[in-house]
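[1] After the sequence you'll find the predicted model.
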Amino acid sequence: MSCLPSKLLHLITSTSCARRRALLALSCALAGGFGFVPAVVRAWYFPEHAELSRLALRDFAPGFATEVIQLAVADAAADGLVLCPGATTALPALDLDGEGVRCVSYGVLAALAADHSNTTADLRDLLSRPLYRPWPAKNVTLGSLLAAAAQRIWNDFQTSVPEETDRVWTGDVSRVSASSARLPRTLSPRDLVRVLDVQLTVLDPGYVDRAKNAKTHFHDPTRSVELILQQAALGDLDNALAQALAHHARSLQLAVLSRPDHEPDADIRRRLRTEALLEHAFAVHFVQDGFAAGHIVTDPAVAAARSRTQRHDYFNREGLAVTRALSPDRCQAQPPFLPGRGVGLDACWVAHGDGFASADDRMYANEAVARLQTAFALALSPRDPAWVDSQLQSPQCASWIAGNGDVRAHTQCDVAWTAALLDPRPAWVGAACKATPADWARMVLGHFQGALQQLADQPLLAAADAGSPAAQPGALTRAMVGIPTQSVARTSEELAPVPAGGSSLDDAVDPDALKCAVPDAEAALWMPLLAAWPAAQADATTLQGQDAFANGWAVQAGANAAVSDTKLLSDSASVSGWAGATVGLTYLAQGILPYVRTRGLFELNAGFAQGVRLAGPTDAFRSVGVLEMRVPLTSLLAAGAGALWHSARPMTWFMGGDVSGGLLGARAYTLLAPNRALFYGWDAEVLNVLLSPSAVAQPARRSGVLEAEGRLRLGVRSSDPSRPLRTMFGGSFVLMFEVSVGLFSYL
């Protein structure tokens, strides 16, 4: 029996009280809008994290894992977190309540962890503390707002991509090999990812900078897995694998401590289970990050945010050939698959990420996450011998036990499938374990549960910070990590024998089954994760590639042709044609904001234009000079308003796609007289239409060509084309539609 001291209980249940000031959020939003904040670098964007998490339970985890995790979610809801019942609720199925969702699903927890919170206290705060929002907005939790924004984007994705692409997320790939369930790679629009990034930044001002100086979301391809583990035991958690291991270890500890045989107080048990669930969300997040191509090979030594983003985006989009980091064989010589003793996925595949997930990505990431979910469920609620016996006597397990040649029979038998997830050696090493199927399952499950108990007997680990590059002593220990890589690589005959008394299930194992001896306790706990961990097939430091963003200061030259209508409602209405050219300075922001591509986020141009009457009075036209400034002012103000009200709605109204509206720019026109320039008129750009709409997947570009645009302009011109305008509104109202193209060159 154990009872937590009050200081520890306070640490677990405390929440952050820090409030983000509205004016600070406004300034951050405006600064981000001008592109001076680098693009967010994520492994998967929010909806993918959410869907991968809940689909892992459906695709790969044994049935009891879903039931147990659902009970933990219910406990967390009773502990004050706004969580939905159940564990497999899809993101689109969440009910809306105004701008937020009524409750946050289990899958969304992994999306909120690490990207929108650095600690479990932060994550608890996202799900329990209503944000103050000025009238008339309703106070809701930030987690609710973020989930609703992600849901809108995911719905847009599912309606905009071809049906075969959407099947990557809706098709049934439960417990089948990748080779037998090939589905097409998604062509998710990168613009949708960027739209959501903008909205999440507006809602959560810390989104961009949360892990700005850390490499916690990335692999460290310069060190071996064994070295990463050794350094993690000393407190170095500045990589995705170490973060996943630290959060997973603490979640397992807290889950075991929350059992009735450890803690008699029901309230404390509930709080421990809530904390365990939050730690589990962080572990799931970092395991998912580990399977994104851009996070496997983006060299952690790349200090420049822009270069990191370009390399990250390139490999996520183009794909990366990967394999199991600890597999002893190359892809061309895989170990034999033992019928009924493994998951069956090939050791090599092509990984993508961040909006470009394929069916393979779903399966490989979900298989790894299911290993964590199975371990977490066993830590919360161990399987007793009676459950194992009932499973082995069930019709679903009969074919597997009989060994009648059906190599997939164990996929329908929960105890067999659980053992396959917990013991990766048969799949990756091909160990010739001679135990009967039933004894093998009992042995694997019993030893794993014994290892969980030994883990809980050690001092509670310190909570890890997902956004800190600094050493974090106490988040892992040498005794807890052990040397699991040796156990993954060795054959079963070389492993140490089962320790006596590890679990009540050991008593039911035939002594002859000890020929299939199991690894030490530490290795048994971490082998499922480590055996699934990916690595690039090639040396990551030799791989080249980065997206060429149209991003940065440039000089540009443009050509324009327009038709204008003056005095629209009068008898003297006239139609004119205009043609001209401009040169100027621009800031291009592809890779930071959606839809702008090679259109400037900020432009200052000067040029000339010549008009000719097409219909109406035959007045003479002089050449006019043009001075223009273009900036999406309405969108930036919408970002500021969204930050003040913690609302994404203004961004959805004013930051369009191929069509955008609002105040987008303004021009002043002057008559070019021999000795001076005379004020001739002005207009404002109020609608912009991209005339070369992007395909579903828009690769980054640096072609030097400004994409063709159609611009609707409203303004006032002199009533006499040959005379200056006396006052700002002293002329005639003009409606103009203009087509513009051009070239740019970086400074």
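    Looks like it came in fine.
[2] Distance from the strand or helix carrying Ala149 to the middle of the chain?
    Here Ala149, judged by DSSP states H and E, is contained in helix 142-160. Computed by Cα atoms, centre = their mean, to the nearest Å, the separation of helix 142-160 from the middle of its chain amounts to 12 Å.
[3] Stretch 670-683 now?
    Using Cα atoms, centre = their mean, the offset of stretch 670-683 from its chain centre is 52 Å.
[4] The next helix or strand after the helix holding Ala149 - what's its average pLDDT?
    Next along the chain after helix 142-160, taking DSSP H and E as the criterion, comes helix 163-170. In this model, helix 163-170 has a mean pLDDT of 79.
[5] list the helices and strands the following helix or strand past helix 163-170 packs on?
    Proceeding N to C from helix 163-170, the next assigned helix or strand is helix 190-203, under DSSP H and E. Packing contacts for helix 190-203, counted by 3 or more Cβ pairs under 8 Å, 6 or more residues apart in numbering; DSSP states H and E, involve helix 22-33, helix 46-59, helix 142-160, helix 633-645, helix 649-654. Where you see a C-beta, it was placed from the backbone N, CA and C, and this is true even at glycine.
[6] Buried residues, the helix or strand that the shortest one is followed by. List them.
    Scanning forward in sequence from helix 649-654 by DSSP H and E, the next helix or strand is strand 659-672. Burial within strand 659-672, assessed by neighbour count using 16 or more other Cβ atoms under 10 Å, is assigned to 660-672.
[7] And the next helix or strand after strand 659-672, what's buried?
    Sequence-wise, the next helix or strand downstream of strand 659-672 (DSSP H and E) is strand 677-690. If you call a residue buried by 16+ other Cβ under 10 Å, then strand 677-690 has these buried ones: Leu678, Phe679, Tyr680, Gly681, Trp682, Asp683, Glu685, Val686, Leu687, Asn688, Val689, Leu690.
[8] Show me the contact partners of stretch 59-76.
    Contacts of stretch 59-76 from elsewhere in the structure, counted by Cβ atoms under 8 Å, 6 or more residues apart in numbering, are 57-58, 83-88, 106, 173-175, 255, 269-270, 273-274, 276-278, 343, 362-363, 366-367, 369-370, 373-374, 376-377, 380-381, 383, 387, 414-415, 417-418, 421.
[9] Can you tell me which of those residues are classed as buried?
    Looks like the contacts of stretch 59-76 have 57-58, 83-84, 86-88, 106, 173, 175, 255, 269-270, 273-274, 276-278, 343, 362-363, 366-367, 369-370, 373-374, 376-377, 380-381, 383, 387, 414-415, 417-418, 421 buried, using 16+ other Cβ under 10 Å.
[10] out of these, which are inside helices?
    57-58, 106, 255, 269-270, 273-274, 276-278, 362-363, 366-367, 369-370, 373-374, 376-377, 380, 387, 414-415, 417-418, 421 (DSSP state H).
[11] Quick check: the two most widely separated of the buried residues of strand 677-690?
    Spatially, the most separated pair among the buried residues of strand 677-690 is Leu678 and Leu690, at 34.9 Å (Cβ to Cβ).
[12] Poorly predicted segments of the stretch 101-250 of the chain, please.
    For the stretch 101-250 of the chain, applying pLDDT under 70 flags the ranges 173-189.
[13] Surely Tyr680 is in contact with Ser718?
    Yes: judged on Cβ atoms under 8 Å, Tyr680 makes contact with Ser718 at a distance of 5.4 Å.
[14] residues shared between the contacts of those two?
    Joint contacts of Tyr680 and Ser718 (Cβ under 8 Å, 6+ apart) are Pro724, Leu725.
[15] mind listing the strands for this protein?
    For the chain, the strands defined by DSSP state E cover 96-97, 100-101, 320-324, 348-351, 534-536, 551-566, 574-589, 600-615, 624-630, 659-672, 677-690, 705-717, 732-746.
[16] And the helices and strands packed on helix 190-203: which comes nearest Pro264?
    Closest to Pro264 of the helices and strands packed on helix 190-203, according to Cβ to Cβ: helix 46-59, at 30.1 Å.
[17] how much space between the residue nearest to Pro469 when sequence neighbours are not counted and Asp465?
    Distance criterion Cβ to Cβ, 6 or more residues apart in numbering; nearest residue to Pro469, sequence neighbours excluded, is Ala214 at 4.2 Å. Distance from Ala214 to Asp465, counting by Cβ to Cβ, to the nearest Å: 9 Å.
[18] cool, Leu127 as well?
    From Leu127 over to Asp465 (counting by Cβ to Cβ), the distance is 18 Å.
[19] about what we covered before: quick one, which of the helices and strands packed on helix 190-203 gets closest to Arg133.
    Ranking those by proximity to Arg133 (Cβ to Cβ) places helix 633-645 first, at 5.4 Å.
[20] Just the C-alpha atoms of the closest one, please, in PDB.
    Extracted C-alpha coordinates of helix 633-645, given in PDB (Å, rounded to 0.1, in the frame of the first residue of the first chain):
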ATOM      1  CA  LEU A 633      -4.800  44.800 -43.700                       C
ATOM      2  CA  THR A 634      -8.300  43.200 -43.100                       C
ATOM      3  CA  SER A 635      -6.700  39.800 -42.500                       C
ATOM      4  CA  LEU A 636      -4.200  41.200 -40.100                       C
ATOM      5  CA  LEU A 637      -6.800  43.100 -38.200                       C
ATOM      6  CA  ALA A 638      -8.900  39.900 -38.100                       C
ATOM      7  CA  ALA A 639      -5.900  38.100 -36.600                       C
ATOM      8  CA  GLY A 640      -5.700  40.800 -34.000                       C
ATOM      9  CA  ALA A 641      -9.400  40.600 -33.200                       C
ATOM     10  CA  GLY A 642      -9.200  36.800 -33.100                       C
ATOM     11  CA  ALA A 643      -6.300  37.100 -30.600                       C
ATOM     12  CA  LEU A 644      -8.300  39.500 -28.400                       C
ATOM     13  CA  TRP A 645     -11.400  37.300 -28.400                       C
END
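[21] For it, list every residue counted as buried.
    Residues of helix 633-645 classed as buried by neighbour count (16+ other Cβ under 10 Å): 633-645.
[22] before we move on, what about stretch 567-584?
    Applying 16+ other Cβ under 10 Å to stretch 567-584 flags Lys567, Ser574, Ser576, Trp578, Gly580, Thr582, Gly584 as buried.
[23] ok, now stretch 52-60?
    Here stretch 52-60 shows Leu52, Ser53, Arg54, Leu55, Ala56, Leu57, Arg58, Asp59, Phe60 as buried, counting by 16+ other Cβ under 10 Å.
[24] can you pull the contacts of the second one?
    Residues in contact with Ser53 (Cβ under 8 Å, 6+ apart) are Tyr106, Gly107, Val108, Leu109, Ala110, Ala111, Val284, Gln288, Val369.
[25] would you list the residues you listed in a markdown table and tack on distance to Val225?
    Listed next are these as a markdown table, based on distance: Cβ to Cβ, whole Å:
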| residue | distance to Val225 |
| --- | --- |
| Tyr106 | 29 |
| Gly107 | 28 |
| Val108 | 30 |
| Leu109 | 27 |
| Ala110 | 23 |
| Ala111 | 26 |
| Val284 | 19 |
| Gln288 | 18 |
| Val369 | 18 |
